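Trainee: Show me the folded form of this:
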Amino acid sequence: MDARESIQKLSTALNQAVIGQPEVVERLMIALIANGHVLMEGLPGTAKTRSIKTLSQLIDSEFSRIQFTPDLLPSDVTGAEIYREQQGTFEFQSGPIFGNLVLADEINRAPAKVQAALLEAMEERQVTVAGETHRLPDLFLVLATQNPIEQEGTYPLPEAQMDRFMLYVRVDYPEGENELAILRLVRGEKSGSASEEKLQIPQETVFAARQEVNQVQVAEPAERYIVDLVLGTRNPQNLGGDLAKWIRIGASPRGTLALDAAARAHAWIHGQAFVSPDNIRAVAPACLAHRVHLTYEAEAAGVTRTDVIETLLKTVVPT
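Mentor: The predicted structure follows:
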């Protein structure tokens, strides 16, 4: 079984456990094989936690969960030096950030110091404690969740941290038929009648998929289309229409890199050897929405960041 076939089986198994959320599953697969992190926003009970927990069960990996609260300390995330009295020495006790698949649950409930503790881990794949640097596992993916309706006791994520996430995924409520399937699935799991998924792929398969993704070709017209989309967020006045009234700050160069990596992963998943404009358009909202900052006029009009990127895609066309 080659890497693509294994990832497709992984995606199928995840769709069976997270019913009615095929876009969420595809975004997770893209982040996994493009070596990025995911910021997932959705109302309670929309399978955000279930998604990453199930993914960790389907891969030979270690799952860690960090429940963010206002009283959380940076050492609760990264770990700390523990004094061993018998040996008379300090020993590093690793924190939950050292898992392979890390759920940062309700990340916007943590104060700035704790959020800052994640920056080095997410960007450099390492943490520094007491002057010592500790490498994180080669397979390392952070899925952070936040609730869009609760504001009391929350701390908005700083722009620098938002930029560390490759993808932003909005999770909506499932439709009626999917809700019925969810009811039956969970009932079967509780009664023990549901069939257990035996699939568990090794980490080496993920690394092999990443190498193949890196080989996907991006022709110059596709590269220019990626850059034109990002520049469109920075210079919306050049595009006309409502974009200039909606966008206050555009995407950073990380947005360009994320769009390139995610488009290559999307092409690879669909069996393509090169990136097409369709691949770029498919991942653009997830790559750019959280990197665009809206004007007060847009917020007052109820315009969302995703609405802005959808309008951008209609305005900027590939050459």
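Trainee: The helix or strand encompassing Val169: what's the following helix or strand?
Mentor: Secondary-structure assignment from DSSP states H and E places Val169 in strand 167-171. Using DSSP H and E, the next helix or strand after strand 167-171 towards the C-terminus is helix 176-191.
Trainee: tell me the mean pLDDT over that following helix?
Mentor: The predicted model assigns helix 176-191 a mean pLDDT of 78.
Trainee: now do stretch 247-266
Mentor: Over the span of stretch 247-266, the pLDDT mean works out to 95.
Trainee: and it, how far from the chain's centre?
Mentor: Counting by CA atoms, centre = their mean, to the nearest Å, stretch 247-266 is centred 13 Å from the centre of its parent chain.
Trainee: Please name the bridge partners of the most centrally placed residue in the chain.
Mentor: The central residue of the chain, meaning the one whose C-alpha is nearest the mean C-alpha position (CA atoms, centre = their mean), is Val38 at 1.0 Å. Beta-bridge pairing for Val38 (DSSP bridges): Leu143, Leu167.
Trainee: give the contact list for it.
Mentor: The neighbours of Val38, taking CB atoms under 8 Å, 6 or more residues apart in numbering as the test, are 27-28, 31, 141-144, 165-169. Placement of C-beta: from N, CA and C, glycine included.
Trainee: How are the helices of the stretch 1-150 of the chain distributed by residue range?
Mentor: Read by DSSP state H, counting those that start in this stretch, the stretch 1-150 of the chain holds these helices, from start to end of the chain: 3-17, 22-34, 48-58, 74-78, 112-124.
Trainee: how near is Leu199 to Asn15?
Mentor: Leu199 sits 12 Å away from Asn15, going by CB to CB, to the nearest Å.
Trainee: Adding mean pLDDT, distance to Val216 and mean neighbour count, write the helices of the stretch 1-150 of the chain out as TSV.
Mentor: Converted to TSV, these look like this (pLDDT from 0 to 100; distance: least, CB to CB, whole Å; neighbours: other CB atoms under 10 Å):
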stretch	mean pLDDT	distance to Val216	mean neighbour count
helix 3-17	91	11	18
helix 22-34	94	10	23
helix 48-58	89	22	21
helix 74-78	90	34	20
helix 112-124	83	24	18
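Trainee: Tabulate those helices (a markdown table), appending distance to Gly188.
Mentor: A markdown table is the format used below for these (distance: least, CB to CB, whole Å):
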| stretch | distance to Gly188 |
| --- | --- |
| helix 3-17 | 12 |
| helix 22-34 | 20 |
| helix 48-58 | 15 |
| helix 74-78 | 36 |
| helix 112-124 | 36 |
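Trainee: Point out the one among those helices that comes closest to Ser191.
Mentor: Ser191 lies closest to helix 3-17 among the helices of the stretch 1-150 of the chain, at 16.4 Å (CB to CB).
Trainee: Now do the closest one: distance to the chain's middle.
Mentor: Per CA atoms, centre = their mean, the displacement of helix 3-17 from the mean C-alpha position of its chain is 18 Å.
Trainee: For Pro202, which non-adjacent residue is spatially closest?
Mentor: Nearest in space to Pro202, with sequence neighbours left out and distances taken as CB to CB, 6 or more residues apart in numbering, is Asp60 at 5.0 Å.
Trainee: pretty sure Phe98 contacts Leu139?
Mentor: No. The pair formed by Phe98 and Leu139 falls short of the contact definition of CB atoms under 8 Å, at 11.5 Å.
Trainee: Just the pLDDT for the residue nearest to Pro202.
Mentor: Asp60 carries a pLDDT value of 92.
Trainee: re the thing from before, per-residue pLDDT of the residue nearest to the centre of the chain, please?
Mentor: 95.
Trainee: picking up where we left off before, can I get the strand holding Val169 in PDB? Just the C-alpha atoms.
Mentor: Output for strand 167-171, consisting of C-alpha atoms alone and laid out as PDB, is shown next (Å, rounded to 0.1, in the frame of the first residue of the first chain):
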ATOM      1  CA  LEU A 167      -5.300  26.600   8.200                       C
ATOM      2  CA  TYR A 168      -8.400  28.100   9.700                       C
ATOM      3  CA  VAL A 169     -11.400  25.800   9.700                       C
ATOM      4  CA  ARG A 170     -14.900  26.800  10.600                       C
ATOM      5  CA  VAL A 171     -17.100  23.900  11.800                       C
END
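Trainee: Quick one: list the elements packing against it.
Mentor: helix 22-34, strand 38-42, helix 277-288 (3 or more CB pairs under 8 Å, 6 or more residues apart in numbering; DSSP states H and E).
Trainee: mind putting these in CSV, distance to Gly250 included?
Mentor: Putting the helices and strands packed on strand 167-171 into CSV (distance: least, CB to CB, whole Å) gives the following:
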stretch, distance to Gly250
helix 22-34, 22
strand 38-42, 18
helix 277-288, 9
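Trainee: Tell me which of the ones you listed sits nearest to Thr319.
Mentor: Comparing these under CB to CB, the one sitting nearest is helix 277-288, at 9.9 Å.
Trainee: angle of the closest one against strand 167-171?
Mentor: Between helix 277-288 and strand 167-171, the angle comes out at 80 degrees (axes from the mean of the first three to the mean of the last three CA atoms, to 10 degrees).
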